[in-house]
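J.: sequence and computational prediction follow.
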Amino acid sequence: MRVLVVEDERRLAAAVKRGLEANGFTADLAHNGQDALWMAEQRPYSAIVLDIMLPGVNGYQVCAQLRRAGVTTPILMLTAKDGEYDEADGLDLGADDYMTKPFSYVV
């Protein structure tokens with residue numbers, strides 16, 4: 001399974017990639033929304049792990065644009081945004097699940 005990890009914090013992106021690969025996944029990285037849109041439309045992914053607070057095109061916009069383009073890949077929003085309406089906004093825009101940072105891997 002190939003996963004697209006969209007995270008602008010490069011150390012965190014690398015850590016998520018390592019964790020996914022240690023569990024048998026292949027992971028590609030995008031560090032901004034524009035690259036994420038291009039990558040998600042060019043290659044089929046099994047899942048997308050998407051930060052919200054990205055430079056340029058934010059994660060909400062990425063999610064909405066992918067859904068409008070007909071991309072049905074499951075999207076997990078992984079973000080520090082934990083406000084009262086943040087999760088509802090993400091899910092309303094087409095995300096399949098929402099998880100807040102910090103997080104830990106459970107094997």
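T.: Ah, there it is. Numbering: from 1, shown residues only.
J.: so where's the chain shaky on pLDDT?
T.: 105-107 (pLDDT under 70).
J.: apply 80 and report the result again.
T.: 84, 102-107 (pLDDT under 80).
J.: would you map the strands across it?
T.: Using DSSP state E, the strands found in the chain span residues 2-6, 26-30, 47-50, 75-79, 97-100.
J.: got the CA coordinates for the third one in PDB?
T.: Okay, so that is strand 47-50. The C-alpha trace of strand 47-50 is given here as PDB (Å, rounded to 0.1, in the frame of the first residue of the first chain):
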ATOM      1  CA  ALA A  47      -4.500   6.700   1.800                       C
ATOM      2  CA  ILE A  48      -3.500  10.300   2.300                       C
ATOM      3  CA  VAL A  49      -2.300  11.600   5.700                       C
ATOM      4  CA  LEU A  50      -3.000  15.400   5.400                       C
END
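J.: tell me which other helices or strands that strand touches.
T.: strand 2-6, helix 33-42, helix 59-68, strand 75-79 (3 or more C-beta pairs under 8 Å, 6 or more residues apart in numbering; DSSP states H and E). Yep, even glycine has a C-beta here, placed from its N, CA and C like the rest.
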